[in-house]
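Chemist: Got a sequence here, can you model it:
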Amino acid sequence: MEANNLSFNILTFNHPEEELTFWFSDTDDKGLMRVHKNLVPDEVINYLGERNHYYTSFTKEHKNFLAVSKLTKPVYESYINNEGEKKWKKINNSAFTRSLLKRYYNTQIHNHFKGKGHLVKPNFINDTEIWLPNDNFSSEYRFFEKYTIKVQIARITKQPELLITYEGTSKVFRKSLVDFMPDIDPSCFNWVIFNSNLYKFDKLPEEGKQNYENVYPVLNFKLRNALQQQTPPPDRSNKYIKFKDHIDRFYQTYLNTDEFKKIIPLDSNGFLQVDELKINHVNDNSNQLVFKDGHKDNIPYKGIKKGPYKTPDFARIQFFFIFHDSDKDVAKLLHGYFTNGINSFNGIQSSFKVPYFTKEKFSIAFSNLTNPLPEIEDALSNRNFDPETHYMAIYVSHYSKQTRNKHNKNLYYKVKEILLKRGITSQTIEAAKVRNDYNNKKRYDFSLNNIALAILAKLNGIPWQLNTKLKKELIVGVGAFKNLDTNVRYIGSAFSFSNNGKFNRFECFHNNQIVELAGSIINQVKEFVAVNSNMDRLVIHFYKNMSYKELKPIEDGLNDLGLDIPVFIVSINKTESNDIVAFDNNWNDLMPLSGLFINIGNNHFLLFNNTRYSLNSKFNSNDGYPFPIKLKIRCTDEELIKDYKIIKELIDQVYQFSRMYWKSLRQQNLPVTIKYPEMVAEMFPYFEGHEIPEFGKDNLWFL
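Modeler: Got it, this is the predicted structure:
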């Protein structure tokens, strides 16, 4: 097999000085940085007294300040442990802390680019973001390419490092704030430019407030909505190539220079190669899915042609349509498609084994486009629903879920809600999309295949299952979605799965309902143990790093149940552009193979989750080029984390669960343990009383 040739977006460097001098005070002043007491040398606390924060100057000597000189690398001393082995430990206070050194280097980098006249975000503590103008011209905007330099010390290597990322393009209006103010809510402004400096709007200096005609807003999501501008379609091009081209150019033009190397002496070998010993791969069969009669395939579109793993639970199924009078033509089109098919879609029964039947005059047409709910509810009340029949409503929506009109968006969810309250599953289909594809002779069959897949899952069918042996463990996923209208984060949780991917039940909560979240998870454990008699472990897939405050009530609940089992917490984060990535330099498209994972230290891993399954297999670019997901693995029994077999098994599990997405036949890079709760959390705030109807808690109505 061809050797790996992977590289990170990381540059290494050496400390330019073995020893540095910083100046400290207990009084704030212009140009000083506030530093927490945990980061300062002992001498500062001893001299200035105990306090929460101190103030420092990294480069300029100040009178009456305490000057402290220290090494940039700590000194170590040897000792003999209880087993008679020679070990090394760091001598306390022998060098400046890593956090303080990172701030020092961030300050140096910030001042360097600021001195060159570039726009730099004022963020000394974390990273330095540099905005460089590009050559695109628009009469409405100026365009800036954004790059971030993150200083980290011995994160991947034993040296200081720079993590270089490309953050995309920002648009800055050529019109000033004065031109917007009569009509735009001030809360829509976030970042602005004044006198070649970036400021938060609410942190604008007095001079800027006196000269709003010279302050220029940066386009953001809220401002775009206020101006009723269309959201640009997502960029589906190869982000690996785009990202690497930009950081290579940035490195060669701005970092690989004598002037920059005077403050940050970069190593001459460029971006860091990934150590072969840090690279591994999930099991070969982890991407295999099981369909009808045990047929296996790693491509859902191909495998489902053999038939789903399990057909719907219900013998008697009746479909009916809900539509506005003006969309009757779309309902007829869909009826024809479901019955007879079109192109690659052979009809919902033939392609997905979902029995299709509609009863004449049972569908609901409404006339009031702005408030259809009374008409729909009245029609539902007057329909004779057979308790032995399972009903599937096809709601032909006049409005897209993506509409910016809050009233119309609310209607989208309210129709789902009133159906759920009656125990009716629904599938929403956007009328404009159907009509547009029909009129322009586009391939709507691709959408129909995805729609039929979701309907099969909503009817308790199983499109496919994971190719794995059942274990006595429970996997619980916790995802979140922040509602931009209310600025409130909602949690979708307690999606509990068997390790073969079988879904059980879920709940939804506000962000601060930690005890309720824990109680929901414990309830799932109780149900599992009641059926399976015992349980070996609980695995929690969490959308962020799980805090002790969030974990403790779960541990307490397990103790109350008398269950002495390990709890594994797998934090799963999408790596956006401002994070660590890796590139496969042996492949023109640069994306590493699917299932490959890299150990980046401290039980953190990068997992590449895509459809490039082997060096020789044909890759479909329409599947996309997702960046890796970042995993952090912890356990209540720390000894178990040292077992690499267990670690690999948990990574395999994350990889497998990303293959259980039943909203689309295309592969997703997030596991459904995170993705499904996130989808529910997005819908949650639109439901009456922030409560999902009971019928909707144990089926996949939200797909």
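Chemist: all contacts plus neighbour counts: C-alpha atoms, from now on.
Modeler: Noted.
Chemist: Where does the prediction get shaky in the stretch 1-150 of the chain?
Modeler: Filtered on pLDDT under 70, the stretch 1-150 of the chain yields the residue ranges 1-2, 123-125.
Chemist: again with the stretch 451-600 of the chain
Modeler: 484-487, 492-502, 511, 575-578.
Chemist: need the helices for it, in chain order.
Modeler: All helices of the stretch 451-600 of the chain, identified by DSSP state H, counting those that start in this stretch, fall at 514-532, 548-560.
Chemist: Including distance to residue 228, could those helices go into TSV?
Modeler: Converted to TSV, the helices of the stretch 451-600 of the chain look like this (distance: least, C-alpha to C-alpha, whole Å):
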stretch	distance to residue 228
helix 514-532	37
helix 548-560	40
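Chemist: Please work out which of those helices is packed deepest.
Modeler: Of all the helices of the stretch 451-600 of the chain, helix 514-532 has the most neighbours on average by mean count of other C-alpha atoms under 10 Å, namely a mean of 17.
Chemist: Would you mind writing the CA trace of that one as PDB?
Modeler: C-alpha atoms of helix 514-532 as PDB (Å, rounded to 0.1, in the frame of the first residue of the first chain):
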ATOM      1  CA  ILE A 514     -28.800  20.200  32.900                       C
ATOM      2  CA  VAL A 515     -30.700  18.100  35.500                       C
ATOM      3  CA  GLU A 516     -33.600  17.400  33.200                       C
ATOM      4  CA  LEU A 517     -31.100  16.300  30.500                       C
ATOM      5  CA  ALA A 518     -29.400  13.900  32.900                       C
ATOM      6  CA  GLY A 519     -32.800  12.600  34.100                       C
ATOM      7  CA  SER A 520     -33.700  11.900  30.500                       C
ATOM      8  CA  ILE A 521     -30.500   9.900  29.900                       C
ATOM      9  CA  ILE A 522     -31.000   7.900  33.200                       C
ATOM     10  CA  ASN A 523     -34.500   7.000  32.100                       C
ATOM     11  CA  GLN A 524     -33.200   5.600  28.900                       C
ATOM     12  CA  VAL A 525     -30.700   3.600  30.900                       C
ATOM     13  CA  LYS A 526     -33.500   2.200  33.100                       C
ATOM     14  CA  GLU A 527     -35.500   1.100  30.000                       C
ATOM     15  CA  PHE A 528     -32.400  -0.500  28.500                       C
ATOM     16  CA  VAL A 529     -31.600  -2.500  31.700                       C
ATOM     17  CA  ALA A 530     -35.200  -3.500  32.100                       C
ATOM     18  CA  VAL A 531     -35.100  -5.300  28.700                       C
ATOM     19  CA  ASN A 532     -31.500  -6.400  28.600                       C
END
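Chemist: Does anything pack onto it? Which helices or strands?
Modeler: In terms of contacts (3 or more C-alpha pairs under 8 Å, 6 or more residues apart in numbering; DSSP states H and E), helix 514-532 is packed against strand 473-483, strand 488-497, strand 507-510, helix 548-560.
Chemist: Compare the helices of the stretch 451-600 of the chain and give me the one nearest residue 301.
Modeler: Nearest of the helices of the stretch 451-600 of the chain to residue 301, taken as C-alpha to C-alpha: helix 514-532 at 32.5 Å.
Chemist: Find the nearest non-adjacent residue to residue 104, please.
Modeler: Leaving out its chain neighbours, the residue that sits closest to residue 104 by C-alpha to C-alpha, 6 or more residues apart in numbering is residue 58, at 6.3 Å.
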